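> need a 3D model of the following:
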Amino acid sequence: MNFPDLTPSNERAIAALTTAKPAELDPITHFQSFAKSFGGILFDDPKFSAPLYPDFEDFNYLHDTSRLSHVYLNDFDFNLEDDREAVERMTRLDFENNTFDTVARCSCPPGTGGLYGNYLLNSGRVCSKCGDQAQQFLDKGEDTNMWLRCPEGVKVFVNIGFFTTFFNNIQIGNPSPKVSVPRFFIDPTYRAAQKKLKNGTMIILAQMLDALGITDPNLNEFYDRCDDIMQYILVGPGKRYSKTPQEGHRLLAFYHKYKHLAFCQYLKVPKRYCTVFERSGKDVYAYSHHPETAQLYYAIADTLKSNSCHKLTDREHRKNVEVVGKTLVQLADQYKQTNNPKAIFNKQGISRKHVCSGSIPWTGRSVITSQTGIIDSDKLIVPWKMVIAMLDYHITGQLYRKGFNPWQVAALINKAAFEIVPEIDAIITDMEEHYKCLVETGRNPSIEYLSLRAFFLKVNRDLTDESIKIPITAVKQLNADFDGDQMYIVLIFDNESKAKAYGGFGHHQTLDKNVPFRVGDYAGQAATNLMNLNTMMANTPLME
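This next block holds a predicted model:
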């Protein structure tokens, strides 16, 4: 039985801080031993450090190659109630409970008739009202057959992703505020607001328009003269006023390489399952941006159209151009706000999950708590029971080598589920003292920078505590607030991975790289913590 250490905490702290050896302060020795045991050449896969390539959706290609029959939002008359209801059925989903219906139905709203019943699956029957076959909700796929085509008088749409990441950053000014030239052309609201300022930037912009012979900035004109505009701003006379003059040639090369994706004739309308409205009594719940985004698509679809009685004039065509330009910019801003492109380094965003973690061997998951007392920032304290489960094969192999037969091994491991077994404890103690076991850990859902960290494994022998304990120096990167969140851990076994895990080790972010034995600001500690830690380290005899 293990008895608690009754030595006063201050004496234990002094002993721990004054008896430390310099080699123990930097775990590089252990990682070098892993590299030596590996025996091969350690190198990083260059693909991991290569720059990411842009991946904008080619809407024209998706439209032309889609196997689904196209439905164009432009073809609906929003003045007719039947058409408005049809659009709502196709672009949004209402449900009144926490589960989706598993019975096949057509697109007609519940209670309005139509096809309903699993016996209709694959029957080929088509609803006389909505024209769809009966399908189960989860079998309808993720693609959409709803599109927007360019309204009358509008030459192109601007790819929303391309506008957000590239066009919107093409700016000029002297020195500030700078103006986004593409936005100035495309969005009439933005253009009018900038003209009212009458500052030095507007003089520079007027010089550019005169030099290019442009008298009427608008979406169509921007599409026709985009090559000349980019040339002027990035490498021409406007370079001296641009936001990134030193990168002009690189940006211009990027534009010419991907400009076939910058503009498109069609825009895909989000599938109705992306816009879910939950009804609960008198209340309706939805993400705040969903209704607004839907209205923006409707605004483009509801632009003016010629008919047998009236042909649109040039002025009406210009109105369509202005409506589409303004709405495209609003959509881009909406997507930027909702699908924050900075989500990789913040908590916001749609896709924020680590690939590792799950019901796979040599992994674990539990609630996180903080370490107390004397803390080793290079170690992660993991519950005894979790370690027994994760190291089942390894403990079994070690016990076999010690002469135990299979029945005895099974009995010891089963017993270890509710008490500290000395034979197994000796194996784990050897693992801890000789730094044999490494783990990588992180928080789901998060791809926060440095949130995937490597630690040496330390086992918590307190069987009543089944939490994973993290050191205070890892709180910032793991975004830990100790409100019941869980953390996953993955064991690292091979020497190559152990050697490479040094790059993800906690001390790199905790200690200042430029000042020895000093905690760096990036450790994310409060000012009082930094002051106390650095004072303590500076006054320790080992550091003098």
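
> bridged to Met487, which residues?
Ser366 (DSSP bridges).

> so it sits against Gly364, correct?
No - using C-beta atoms under 8 Å, Met487 is not in contact with Gly364; the gap is 9.1 Å. The way it works is simple: take the backbone N, C-alpha and C, and place the C-beta from them, glycine included.

> find residues that contact each of those two.
Residues touching both Met487 and Gly364 (C-beta atoms under 8 Å, 6 or more residues apart in numbering) are Ile468.

> contact partners for Gly336?
Careful, residue 336 is Lys; it's not Gly. Counted by C-beta under 8 Å, 6+ apart, Lys336 has contacts Thr164.

> sorry, that was for Glu322
Counted by C-beta under 8 Å, 6+ apart, Glu322 has contacts Pro188, Asn218, Leu219.

> what's the closest of these to Ile388?
Leu219 (65.1 Å; C-beta to C-beta).

> and the closest residue to that closest one other than its chain neighbours, how many residues sit next to it?
Spatial nearest neighbour of Leu219, excluding adjacent residues (C-beta to C-beta, 6 or more residues apart in numbering): Gly325 at 4.0 Å. Using other C-beta atoms under 10 Å, Gly325 has 26 other residues around it.

> how is Gly325 assigned, secondary-structure-wise?
helix (DSSP: H, G, I helix; E, B strand; the rest coil).

> cool, and the one 10 residues further on?
When classified by three-state DSSP, Tyr335 comes out as helix.

> any weak-confidence spans in the stretch 201-350 of the chain?
For the stretch 201-350 of the chain, applying pLDDT under 70 flags the ranges 271-291, 338-350.

> which one's more surrounded, Met487 and Gly364?
Met487 (23 against 20).

> Leu530 is in contact with Val519, isn't it?
Yes - counting by C-beta under 8 Å, Val519 is a contact partner of Leu530 at 5.7 Å.

> who has more neighbours, those two?
Val519 (21 against 16).

> returning to what we had before: Ile186 is in contact with the residue nearest to Leu219, correct?
Yes - contact criterion C-beta under 8 Å: Gly325 and Ile186 qualify, at 4.2 Å.

> please identify every residue contacting each of these two.
Asn218, Leu219.

> from the contacts of Glu322, pick the one nearest Gln295.
Pro188 (18.3 Å).

> run a quick neighbour tally on that closest one.
Neighbours of Pro188 using other C-beta under 10 Å come to 20.

> how much space separates it from Phe505?
54 Å (C-beta to C-beta, to the nearest Å).

> just Arg105 next, same as before
Counting by C-beta to C-beta, the gap from Arg105 to Phe505 is 55 Å.

> got it, and Lys415?
Taken as C-beta to C-beta, the span from Lys415 to Phe505 is 35 Å.

> could I get the full set of helices for the stretch 1-150 of the chain?
For the stretch 1-150 of the chain, applying DSSP state H, counting those that start in this stretch gives helices covering 9-18, 22-25, 28-38, 46-49, 59-65, 81-91.

> packing partners for the third one?
Pointing back at helix 28-38 there. With contacts taken as 3 or more C-beta pairs under 8 Å, 6 or more residues apart in numbering; DSSP states H and E, helix 28-38 sits against helix 495-500.

> who does the helix it packs on touch, helix- and strand-wise?
By 3+ C-beta pairs under 8 Å, 6+ apart, helix 495-500 packs against helix 28-38.

> off-centre distance for the helix it packs on?
34 Å (C-alpha atoms, centre = their mean, to the nearest Å).

> same check, this time on stretch 192-201
37 Å.

> which outside residues touch it?
Ile172, Gly173, Asn174, Ser176, Pro177, Lys178, Val179, Phe184, Met202, Leu205.

> which one among those sits at the bottom for pLDDT?
Ranked by pLDDT, the contacts of stretch 192-201 bottom out at Ser176, which scores 70.

> hmm, Asn159 is touching Tyr258, no?
No - applying C-beta under 8 Å as the test, Asn159 and Tyr258 come out as separate, 9.3 Å apart.

> the two: who's more crowded?
Asn159 (26 against 16).

> report how many residues lie close to Glu440.
21.

> which parts of the stretch 401-544 of the chain are helices?
406-415, 422-433, 475-478, 495-500, 507-510, 527-539.

> what's the least confident stretch among the ones you listed?
Minimum mean pLDDT among the helices of the stretch 401-544 of the chain: helix 507-510, a mean of 57.

> could you pull out the strands for the stretch 51-200 of the chain?
Assigned by DSSP state E, counting those that start in this stretch, the strands in the stretch 51-200 of the chain fall at 71-72, 93-95, 146-149, 157-158, 171-172, 179-180.

> out of these, which is the most enclosed?
strand 157-158 (a mean of 26; mean count of other C-beta atoms under 10 Å).

> from Asn529, how far out is Cys150?
58 Å.

> can you check Thr396 too?
Taken as C-beta to C-beta, the span from Thr396 to Asn529 is 43 Å.

> quote the end-to-end distance of stretch 146-153.
The straight-line separation of the ends of stretch 146-153 (C-alpha to C-alpha, to the nearest Å) is 21 Å.

> who touches that stretch?
So stretch 146-153 is contacted by 63, 70-74, 90-91, 156-157, 265-269, 271, 297, 300-301, 303-306, 312, 316-318, 320-321, 323-324 (C-beta under 8 Å, 6+ apart).
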